[in-house]
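1. no FASTA, just this:
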């Protein structure tokens, strides 16, 4: 089963990077995602931000990754570098994500609506009503 998931997220990353002509980042990004999966056993890993929206500019943009875990973790933010490109990793528990969405957190709203799932599943999260203030 592990091998199947490995191939799946590698292929998803390959497609994402091909669309923005940044294929040279694949190997390093695969290593970063593998590290995150092995360390946190996440429910889901999403590519967010400019890379997810296909507005990534090589040499100017960073890569944003949201990791959703079952339980809260001590290390909430990690920074890695792949080919001189910063990779900013935000780690949140499912409960924190749900509460953030309910409170109208724009980072989480954008991640769930526009992020690209490369590992796991967010189908249940994506179906939940968005928070924020209603009038």
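-> Now that the structure is in, tell me what you want to look at. This is a predicted model, so every value here is computed, not measured.
2. In this structure, what helix or strand scores lowest on average pLDDT?
-> The least trusted helix or strand in the chain, going by mean pLDDT, DSSP states H and E, turns out to be helix 123-126, with a mean of 72.
3. Surely residue 71 touches residue 93?
-> Yes - with contact defined as Cβ atoms under 8 Å, residue 71 reaches residue 93; the gap is 5.6 Å. Yep, even glycine has a C-beta here, placed from its N, CA and C like the rest.
4. just checking, what packs against whichever strand or helix holds residue 39?
-> According to DSSP states H and E, residue 39 maps onto helix 26-40. If contacts are counted by 3 or more Cβ pairs under 8 Å, 6 or more residues apart in numbering; DSSP states H and E, helix 26-40 sits against helix 2-19, strand 44-48, strand 63-69, strand 77-82, strand 85-93, strand 116-120.
5. so how far is residue 84 from the most centrally placed residue in the chain?
-> Central residue of the chain (Cα atoms, centre = their mean): residue 46, 2.3 Å from the mean position. Shown here: residue 46 relative to residue 84, a distance of 23 Å by Cβ to Cβ, to the nearest Å.
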